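Trainee: Just to be clear, the model below is a prediction. Sequence and coordinates:
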Amino acid sequence: RLAAAAFVAAPAASAVARGGGDKNVVQRSGRCSDGSTWKLKVKPDDGRLQTEFEVDQNRAGATWHVTLRRNGAVVARATRTTRAPSGSFSLERRIAGAAGTRISATATRGAATCRGAVTAA
């Protein structure tokens, strides 16, 4: 069974979605504290978890600091800048994990915060 949770500093996140016909893809999205939107997607990939965290601010050139965690432990930190034409960025990583692994991501820019989490199927 799939369990998922998301924590945002603004309105609640959307329900879990399964994408592309693959029942093992877990995706969650929501709003950031500044009105930007985020999406976190996790799927199994050759014994690892393919993760993608995307923030869409609709403005190019904004720098965000991103942290990706597996079961609470930091597995990646990066700085990303939103790019034209969409004004978004993404952070993709293949990390160790299996079904039941909790993946969370946080992006900050000044006082703005985007935060989401899913549990791998």
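Mentor: That came through fine. Residues are numbered from 1 along each chain as shown.
Trainee: Who is residue 42 paired with across the strands?
Mentor: Applying DSSP bridges to residue 42 yields these beta-bridge partners: residue 26, residue 51.
Trainee: Look up how far residue 56 lies from it.
Mentor: Per CB to CB, to the nearest Å, residue 42 is found 18 Å from residue 56. Just so you know, the C-beta spots here come from the backbone N, C-alpha and C atoms, and that holds for glycine as well.
Trainee: okay, these two: which has more neighbours?
Mentor: Here residue 42 and residue 56 are set side by side on neighbour count (other CB atoms under 10 Å), and the busier one is residue 42, at 27 against 18.
Trainee: buried residues in stretch 78-85?
Mentor: 80, 82 (16 or more other CB atoms under 10 Å).
Trainee: Repeat that for stretch 53-61.
Mentor: Those buried within stretch 53-61 under the rule 16+ other CB under 10 Å are 53, 54, 55, 56, 57.
Trainee: unless I'm mixing things up, the fourth one is touching residue 87, no?
Mentor: Yes - when contacts are counted by CB atoms under 8 Å, residue 56 is listed as touching residue 87 (6.5 Å).
Trainee: Now do residue 37, the pLDDT please.
Mentor: You'll see residue 37 listed with a pLDDT of 98.
Trainee: how about the nearest residue to it once chain neighbours are set aside, what does it touch?
Mentor: Distances taken as CB to CB, 6 or more residues apart in numbering put residue 56 closest to residue 37, at 5.0 Å, once the chain neighbours are dropped. Contacts were defined as CB atoms under 8 Å, 6 or more residues apart in numbering; by that measure residue 56 touches 36, 37, 38, 39, 86, 87, 88.
Trainee: who does residue 56 bridge with?
Mentor: residue 37, residue 88.
Trainee: ok, it to residue 33 distance?
Mentor: 14 Å.
Trainee: just the contacts of residue 56 now: which is nearest residue 67?
Mentor: residue 38 (12.9 Å; CB to CB).
Trainee: phi, psi of residue 69?
Mentor: With angles defined as degrees, to the nearest 10, residue 69 sits at phi -120, psi 150.
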